[in-house]
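S.K.: Coordinates for the following, if possible.
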Amino acid sequence: MTFLSEPDTIAAAQYFATSGKNLGPEERLMLAVLEDAVVRFEKFAEARDGQTERLFLEAKDWILDEDTDWPFSFVNICEVLRLDSNYIRRGLLLLMEKQCPNKARKKTRRFVSKTTMKTFTNPRAA
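M.R.: Numbers count the residues shown, from 1 in each chain. Now for the predicted structure:
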């Protein structure tokens, strides 16, 4: 996940290999879904055309959604993989703010996480 591109950042596969956790098929699928969303968010954050902006918005909406009813929701995937969903959200939102400050500022509203009661900036489209 490149939003954490600090010198000590490791690839997701390296993290799970060194953490001693062997991922089963379901967990590998969940990791692939998460990685796809993060890549779309990072790659298309600055998108201005219809299709690539749609890919970004779909990823962003999925990442910011607090839904836990669906097994493949962002929150559930993070929980299964033992990742902090709020940390990932904050990192991605900070990345977007750095990459495209006008986009982040223009479409911003606040929301409170139901699980942690922390407030985040939500750059959802109007």
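
S.K.: alpha carbons only for contacts and neighbour counts from here, please
M.R.: OK.

S.K.: In stretch 46-65, which residues are buried?
M.R.: Buried residues in stretch 46-65, counted by 16 or more other Cα atoms under 10 Å: 46-47, 52-53, 55-57, 59-64.

S.K.: out of those, who's nearest Asn22?
M.R.: Closest approach to Asn22 among the buried residues of stretch 46-65 (Cα to Cα): Ile63, at 24.5 Å.

S.K.: So what touches the lengthiest helix in the chain?
M.R.: The longest helix of the chain (DSSP state H) is helix 25-43. For helix 25-43, the external contacting residues (Cα atoms under 8 Å, 6 or more residues apart in numbering) are 1-3, 55-57, 59-60, 62-63, 72, 74, 77, 80-81, 92, 95-96.

S.K.: Give the next helix or strand downstream of that helix.
M.R.: Remark: after helix 25-43, the chain's next helix or strand is helix 50-64, criterion DSSP states H and E.

S.K.: for that following helix, what is the average pLDDT?
M.R.: Mean pLDDT, helix 50-64: 94.

S.K.: swap in stretch 91-108?
M.R.: Stretch 91-108 carries an average pLDDT of 72.

S.K.: got it, and stretch 25-34?
M.R.: The average pLDDT within stretch 25-34 is 93.
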